[in-house]
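A.B. asks: okay, predicted coordinates and the sequence, questions at the end:
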Amino acid sequence: MTGPDLQRRGFLLVLSSPSGAGKTTITRRLLERDPTLTLSVSVTTRPRRPGEVDGRDYRFIDQAAFDRMVGEGGLLEHATVFGNSYGTPRQPIDDAVEAGRDIVTDIDWQGTQQLTASLRDDIVTIFVLPPSAGALEARLRGRGQDSAAVVAERMATSSEEMSHWPEYDYVIVNADLDRSVAEALAIVTAERLKRTRQAGLADFVNRLRGG
């Protein structure tokens with residue numbers, strides 16, 4: 001609801017960034033700050049990292065199951081990144097958008113291109129940039145999740161990833177996490193108020209004008 005008797009259409013909020021720039025952390029903070037947001041849980045074939053929970057962080061499946069979902073049209077987008085397959089299940093997002101609920105995900109630029117083609121007006125995209133290349137490398141090393149070789153590989157691909165920023169609706173430079181989260185929340189609020197998403201607005205205004 002955005003007002004008396006005003007139903008609206010939901011949207012998918014997508015955050016992308018080079019690895020280590022903060023898209024996953026910002027996404028988690030958004031979910032904490034706004035409990036009406038729902039996380040889109042991607043499927044992946046990559047191994048589970050320490051602390052990750054199946055069904056919360058990702059749905060961890062094998063390649064055969066992933067390929068079946070692709071063949072059945074069950075994924076809105078899918079891609080292979082660093083040798084592992086990732087995809088976004090279609091049904092939960094379709095259901096949320098139709099019901100006026102907003103859902104959020106963090107994926108790479110390849111997946112965002114596919115989602116934009118599939119969802120068109122039902123998607124809002126944010127690209128997250130690091131404040132500097134040095135800060136990005138320090139964050140990757142500080143995670144302690146990847147080997148030095150993997151960190152070097154991710155840094156080598158970050159320039160190509162960052163070149164896609166013009167394809168996004170919004171850009172956030174993540175120099176300060178709290179500020180970045182506040183900016184993302186402001187985007188969510190503005191998009192919820194967008195005229196084209198408020199399906200009942202015309203009837204509501206007509207009733208107002210008619211007294």
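C.D. replies: Looks like it came in fine. Numbering: from 1, shown residues only.

A.B. asks: what's the pLDDT at M1?
C.D. replies: pLDDT, M1: 43.

A.B. asks: and the helices in this structure?
C.D. replies: Ranges of helices in the chain, per DSSP state H, are 23-33, 63-71, 90-98, 109-119, 133-143, 148-162, 177-192, 201-209.

A.B. asks: would you turn those helices into JSON lines with mean pLDDT, distance to V171 and mean neighbour count?
C.D. replies: Yep, even glycine has a C-beta here, placed from its N, CA and C like the rest. Supplementary listing: these in JSON lines, determined by pLDDT from 0 to 100; distance: least, Cβ to Cβ, whole Å; neighbours: other Cβ atoms under 10 Å:
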{"stretch": "helix 23-33", "mean pLDDT": "94", "distance to V171": "12", "mean neighbour count": "18"}
{"stretch": "helix 63-71", "mean pLDDT": "96", "distance to V171": "31", "mean neighbour count": "13"}
{"stretch": "helix 90-98", "mean pLDDT": "93", "distance to V171": "23", "mean neighbour count": "16"}
{"stretch": "helix 109-119", "mean pLDDT": "92", "distance to V171": "13", "mean neighbour count": "19"}
{"stretch": "helix 133-143", "mean pLDDT": "75", "distance to V171": "15", "mean neighbour count": "15"}
{"stretch": "helix 148-162", "mean pLDDT": "78", "distance to V171": "10", "mean neighbour count": "14"}
{"stretch": "helix 177-192", "mean pLDDT": "97", "distance to V171": "10", "mean neighbour count": "16"}
{"stretch": "helix 201-209", "mean pLDDT": "90", "distance to V171": "29", "mean neighbour count": "11"}
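
A.B. asks: so which of the ones you listed is nearest E52?
C.D. replies: Closest to E52 of those, according to Cβ to Cβ: helix 23-33, at 10.9 Å.

A.B. asks: how near is the residue lying closest to L75 once chain neighbours are set aside to E72?
C.D. replies: Spatial nearest neighbour of L75, excluding adjacent residues (Cβ to Cβ, 6 or more residues apart in numbering): G87 at 3.9 Å. Using Cβ to Cβ, to the nearest Å, G87 is found at 12 Å from E72.

A.B. asks: okay, and the common contacts of these two?
C.D. replies: Common neighbours of G87 and E72, using Cβ atoms under 8 Å, 6 or more residues apart in numbering, do not exist here.

A.B. asks: the two: which is more packed in?
C.D. replies: G87 (23 against 9; other Cβ atoms under 10 Å).

A.B. asks: residues contacting that one?
C.D. replies: Counting by Cβ under 8 Å, 6+ apart, G87 has contacts 42-44, 66, 69-70, 75-79.

A.B. asks: switch the cut-off to 7 Å
C.D. replies: 42-43, 66, 69, 75, 77-78 (Cβ atoms under 7 Å, 6 or more residues apart in numbering).
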